[in-house]
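Asker: could you work out the structure for the sequence below:
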Amino acid sequence: MSHCLSKIASLSLFAAALLTAAGCGGGSGKDVLIYAQSDDPKTLDPINTDIAEAVHVITNVFDTLVTYDEVTTDLVPSLAESWKTSDDSLTWTFKLRPGVQFHDGSSCNAAAVKLTFDRLLVPLAEAPDKDSRQPGLLAHPHVYDAARPYQSAYSMIKAVETPDDATVVFKLSHPSAIFLNNLAMFPSSIVSPMGLDEHGRKFAEHPIGTGPFKFVKWNRGQQLVLERFEQHWRGPAKIKTLIVVPVQENATRMQRLERGEIHIAEGLSPAELDVLAKNEKLVVQSHEAMNVAYLTMNVERSPIGSRKVREAIALAIDKKTLLQVGYGGNAQVGVSMVPPTMWGHDKTLEDRPFDLAKAKQLMEEAAAEEGLKLPIKLELSVMNQARIYLQQPLPMAKFLKDSLAPIGIDLSIRGRDVSEHFRALMAGEHQLGLAGWNSDNNDPDNFLYSLCDQDNISDAGNNLSRFRSDNLHALLIAGQKEMDKEKRLKIYSDAQRLILQEVFVVPLAHTQIRTAHVRGLAGFQLHTTALVRFRNAHFEAAQ
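Answerer: Below you'll find the predicted structure:
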């Protein structure tokens, strides 16, 4: 605890000195923007993470072939200025934007795009690798960590061809309704081949892309400094220096924002944001989002493999009361893993009611069938830091503990810092876990396949419940291959009903995105996909 406090204190002194030097104490000419989030990234290599704190940096250092419009979820050109597809939808040809440079001065060409996807897609050879988090030999010289959480999202790519420096051709193994959307996701950020050659394994700490900001330095646990890239193909960003700082405690982020030591504070609770909204020097932005907070239940751990146990747990959770405890009422009850703001959400789905009597009955039946003695002991894993979808994780964990006690479950709570929390959940080290997901793209596949399909069970996979179902897998693969949107709606409705029936996850809530920042900051706009983009952010001149 003392180490944490001393780190925060030293960071506050650093920020105050920087703000003074940069002229950020008020008035015009502000050229430094300080963004505070709840944790430090573990890696900045786009293929090796799915943690928001890393993604917030990655999306400003790198570009993708296509991206989302600044306001809507429409796809627009980025590093690819145009594309076309064959009649059978198996060949996609992209024309690259001419003259684009990486931060190291090298050209962004077709070879760089091919290398990017080779790193993402190359399989592991059958050999142990002591440096990776899962078995297998890293079969590509520029893949340094076997953990690639999004690898399966690009499995439809059979080959990447480069007929010339300005043309990239993707050959698909089957028609894919999700391919173009997935190209807009951060794991397919185009990386510098020269940067990989120069930095090797250290590329994760010295990322080089084509984005509006270039990497300068990273003092872990203190500050990550980016500078605008003057040669960015869209023109230079409006802010010269972007500093990302980790501040784990919500109260500390809130206080530092009120004191003017930081400019943006993310991940605050509804109550804290409501307080800040009354401060004339601050602005609280709200925007619709596509996310879900949920309880994951690891079916590989006894007695959670019993559906009666899982159903009893689901029935014992009073979600309406949970919304008051965890969100101050500023959220929607979760019924499906697909958020209600996304197409494909089945609004006819009926949730299980809160029913303690039935939950107790099911637990007694399960105990008899499994040879258990009530109460049983289970452990709930929870992150220590707030997320957009889980703004008060520890109070919610305590609520779940109290909720499960009456049905014969003695729940202990294990808190971890967010990166370690999700590492443990991916590896299947948990019994129960609080988790969540922000949309990477505007497609239900990003929730259902990513979080619920058996393809994504591994030491770095996002099916945290480790639930396997051939029927569900068949539906989700059919949804990827079907090009008719109306037919996809029926497929995803069937998938959502099957997930509800098997109850290996319990959707809890869907939230808005809400962020607080200093008044006078313009051009910083929240996005439905939870993208955090700083290219247009700037400080308005004093009136």
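
Asker: D39 looks like it's in a helix, true?
Answerer: No. The assignment for D39 by DSSP: H, G, I helix; E, B strand; the rest coil gives coil, which leaves it out of any helix.

Asker: show me the residue at the heart of this structure, geometrically.
Answerer: By Cα atoms, centre = their mean, the chain has its centre lying nearest to A52, at 4.6 Å.

Asker: does that residue touch N438 like I think?
Answerer: Yes. A52 lies in contact with N438 (Cβ atoms under 8 Å); the separation is 6.7 Å. For every residue, glycine as well, the C-beta is placed using N, CA and C.

Asker: now do the shared contacts for these two.
Answerer: Counting by Cβ atoms under 8 Å, 6 or more residues apart in numbering, the common neighbours of A52 and N438 are I388, A530.

Asker: any stretches of the chain with poor pLDDT?
Answerer: In the predicted model of the chain, residues 1-29, 125-138, 542-543 satisfy pLDDT under 70.

Asker: any idea how far stretch 98-118 is from the chain center?
Answerer: 25 Å (Cα atoms, centre = their mean, to the nearest Å).

Asker: how long is that stretch end to end?
Answerer: When the termini of stretch 98-118 are compared using Cα to Cα, to the nearest Å, they are 22 Å apart.

Asker: neighbours of A331, how many?
Answerer: Using other Cβ atoms under 10 Å, the number of residues around A331 comes to 23.

Asker: thought it was touching A509?
Answerer: Yes. At 4.3 Å, A331 counts as touching A509 under the criterion of Cβ under 8 Å.

Asker: OK, contacts around the residue nearest to the centre of the chain?
Answerer: A52 touches Q37, R387, I388, N438, A530, counting by Cβ under 8 Å, 6+ apart.

Asker: from the residues you listed, which two are the most distant?
Answerer: Q37 and N438 (13.4 Å; Cβ to Cβ).

Asker: break the chain down into its structural domains.
Answerer: 1-61+212-287+514-543, 63-195, 291-510 (automatic domain parsing).

Asker: distance to E205 added to these, as TSV?
Answerer: Shown next, in TSV, are these (distance: least, Cβ to Cβ, whole Å):
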stretch	distance to E205
domain 1-61+212-287+514-543	6
domain 63-195	11
domain 291-510	15
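
Asker: among these, which is nearest H206?
Answerer: domain 1-61+212-287+514-543 (6.0 Å).

Asker: name the element the residue sitting furthest away from the middle of the chain belongs to?
Answerer: Taking Cα atoms, centre = their mean, the residue of the chain most remote from its mean C-alpha position is A368, at 40.2 Å. Assigned by DSSP states H and E, A368 falls within helix 356-370.

Asker: so what's the gap between that helix and the chain middle?
Answerer: 36 Å.

Asker: just checking, what packs against it?
Answerer: Using 3 or more Cβ pairs under 8 Å, 6 or more residues apart in numbering; DSSP states H and E, the elements in contact with helix 356-370 are helix 307-315.

Asker: rewinding a little: quick check, nearest of the contacts of A52 to N60?
Answerer: So of those, ranked by how close each gets to N60 (Cβ to Cβ), first place is Q37, at 12.6 Å.

Asker: look up how far I264 lies from that closest one.
Answerer: Q37 sits 9 Å away from I264, taking Cβ to Cβ, to the nearest Å as the criterion.

Asker: how about S107?
Answerer: Counting by Cβ to Cβ - S107 and I264 are separated by 34 Å.

Asker: ok, those two, which is more surrounded?
Answerer: I264 (23 against 17).

Asker: give the contact list for that one.
Answerer: Contacts of I264 by Cβ under 8 Å, 6+ apart are L33, I34, Y35, A36, L257, T515, A516, H517, V518, L521, F524.

Asker: one more: Q392?
Answerer: So Q392 contacts S269, V325, G326, Y327, A386 (Cβ under 8 Å, 6+ apart).

Asker: would you format those residues as CSV with secondary structure included?
Answerer: Below are the contacts of Q392 laid out as CSV (three-state DSSP):
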residue, secondary structure
S269, coil
V325, helix
G326, helix
Y327, helix
A386, coil
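
Asker: just those residues now: which is nearest S192?
Answerer: A386 (33.5 Å).

Asker: I'd say the closest one and L268 touch.
Answerer: Yes. Contact status for A386 versus L268: in contact at 7.0 Å, counting by Cβ under 8 Å.

Asker: show me the contacts for V245.
Answerer: By Cβ under 8 Å, 6+ apart, the neighbours of V245 are L11, A15, I34, Y35, A36, Q37, Q222, Q223, L224, I262.

Asker: closest to T116 among these?
Answerer: L224 (22.3 Å).

Asker: okay, and that closest one sits in which element?
Answerer: Going by DSSP H and E, L224 is in strand 223-228.

Asker: what pairs with that strand, parallel or antiparallel?
Answerer: Using DSSP bridges, strand 223-228 pairs in its sheet with strand 213-219 (antiparallel), strand 241-246 (antiparallel).

Asker: dump the ones you listed to CSV, plus distance to M337.
Answerer: Converted to CSV, the strands paired with strand 223-228 look like this (distance: least, Cβ to Cβ, whole Å):
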stretch, distance to M337
strand 213-219, 33
strand 241-246, 29
